[in-house]
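Peer 1: Next come a sequence and a model predicted from it.
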Protein chains: 2
Amino acid sequence: MFSIGQLSKATGVKVPTIRYYEEIGLLPQPGRNAGNQRRYGQDGMDALGFIKHARDLGFSLEDIKVMMSIEGQLGEDCSEVHRIAEAQLSAVRARIARLERLAGELERITHLCGHGQGGDCKVLSALGDHAQCGSDHG
Amino acid sequence: MFSIGQLSKATGVKVPTIRYYEEIGLLPQPGRNAGNQRRYGQDGMDALGFIKHARDLGFSLEDIKVMMSIEGQLGEDCSEVHRIAEAQLSAVRARIARLERLAGELERITHLCGHGQGGDCKVLSALGDHAQCGSDHG
DNA sequence: CTTGATGCTCTAGTGACTAGAGGTCCTACA
DNA sequence: TGTAGGACCTCTAGTCACTAGAGCATCAAG
């Protein structure tokens, strides 16, 4: 049996976050001891580990809820899980592509500047005027 | 003179968002007409354009506030603006690197699956067990 | 002069937590 | 057995950057 603090240390998920997951119904309510403190078993540990790993991979709590509801069902429907994972992958790829465009534009903008103290900051004017942009972000 | 709707159309920033920017002090309060409706001049248009462009580049509203307070000061301190822009660039680069690791792991996980309906979804077990991971994300 | 779009303020909700107040409980040590 | 201090409890409110909706007022075109 683990306390919430032990669970937190073991998984790297903060204590208030664990309580939050319970509040929104992502983690099942654990048993309590005589003093009303949460006591978790191995299943609680596993569930939180699953959530932590999926969060690290960028899945939303909503996605995780769906995947957890599928997990453990007789004859798990892998195709739904697969669909969620592929959607997540393509979302991540899209974010990377967008961020790369932004990085290029930011690089261009910061290079405009000679760190001068003169009255016309090129960075500011580059930010103010989209027409100066190379890319079509946004 | 522009109405809030015209400003919205011209900049691509939604009407409630413009009002929100005003509320948090990012946009100066514009004049009002006899019927208490906001009326903007070219300066309002420019300010909103600046915000839009900077937001598209991923700057926080807090960063934008600082940059706008610098803009227009006598002898703008370009070095501070430059610092903010470089910090933003390295934050974007870090996010890209992290997302690329995630994409690799997600790709690996989704490839585990043959879309079967059997009782052991490999995607789920890969998500549940970090030890199966190639990378050390998170 | 009417109609429908646009505008106004205000409140509340989103996601995924985080912070703090004010109290209770558990554990280790003397 | 007493006590100190850390861990735990609930509850409320705040974060960021909006978004949605209610219930009205105003504006512009026909």
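Peer 2: Perfect, I can see it now. If you're wondering where the values come from, they're calculated on a predicted model, not measured in any experiment.
Peer 1: Spell out which parts of chain A neighbour DNA strand C.
Peer 2: When proximity is defined as CB under 7 Å from any atom of the strand, chain A approaches DNA strand C at A:14, A:16-17, A:20, A:33-37, A:55, A:60-62. For every residue, glycine as well, the C-beta is placed using N, CA and C.
Peer 1: the domain parsing of chain A - what is it?
Peer 2: Following automatic domain parsing, chain A resolves into domains at A:4-76, A:85-132.
Peer 1: Walking through chain A, point out its helices one by one.
Peer 2: Under the criterion DSSP state H, helices of chain A are mapped to A:4-11, A:15-23, A:42-56, A:61-70, A:78-111, A:122-128.
Peer 1: For those helices, which has the smallest mean pLDDT value?
Peer 2: Note on the helices of chain A: helix A:122-128 shows the lowest mean pLDDT, a mean of 79.
Peer 1: in it, what's buried?
Peer 2: With burial defined by 16 or more other CB atoms under 10 Å in any protein chain shown, the residues of helix A:122-128 counted as buried are A:Lys122, A:Val123, A:Leu124, A:Ala126, A:Leu127, A:Gly128.
Peer 1: quick one, what contacts the closest residue in space to the first one that isn't next to it in sequence?
Peer 2: Meaning A:Lys122. Using CB to CB, 6 or more residues apart in numbering or on different chains and skipping residues adjacent in sequence, the residue nearest A:Lys122 is A:Leu112, 3.9 Å away. Shown in contact with A:Leu112 (CB atoms under 8 Å, 6 or more residues apart in numbering or on different chains): A:Lys122, A:Val123, A:Ala126.
Peer 1: wait, A:Ala103 sits on B:Arg93?
Peer 2: Yes: judged on CB atoms under 8 Å, A:Ala103 makes contact with B:Arg93 at a distance of 5.9 Å.
Peer 1: quick one, which of those two is more surrounded?
Peer 2: When A:Ala103 is set against B:Arg93 and neighbours are counted by other CB atoms under 10 Å in any protein chain shown, the residue ahead is A:Ala103, at 20 against 15.
Peer 1: The residue lying closest to A:Ala85 once chain neighbours are set aside: what's it in contact with?
Peer 2: Leaving out its chain neighbours, the residue that sits closest to A:Ala85 by CB to CB, 6+ apart is B:Thr110, at 4.7 Å. Each residue near B:Thr110 by CB under 8 Å, 6+ apart is listed here: A:His82, A:Ala85, A:Glu86, A:Leu89, B:Val123.
Peer 1: Nearest to DNA strand C within chain A, name that residue for me.
Peer 2: The minimum distance from chain A to DNA strand C, using CB to the nearest atom of the strand, falls at A:Gly35 (2.2 Å).
Peer 1: and the gap between the residue nearest to A:Ala85 and B:Glu62?
Peer 2: According to CB to CB, to the nearest Å, B:Thr110 stands 37 Å off from B:Glu62.
Peer 1: any idea how far the residue nearest to the spatial centre of chain A lies from A:Leu27?
Peer 2: For chain A, the residue nearest the mean C-alpha position is A:Gly58 (3.9 Å; CA atoms, centre = their mean). Distance check for A:Gly58 against A:Leu27: by CB to CB, it reads 19 Å.
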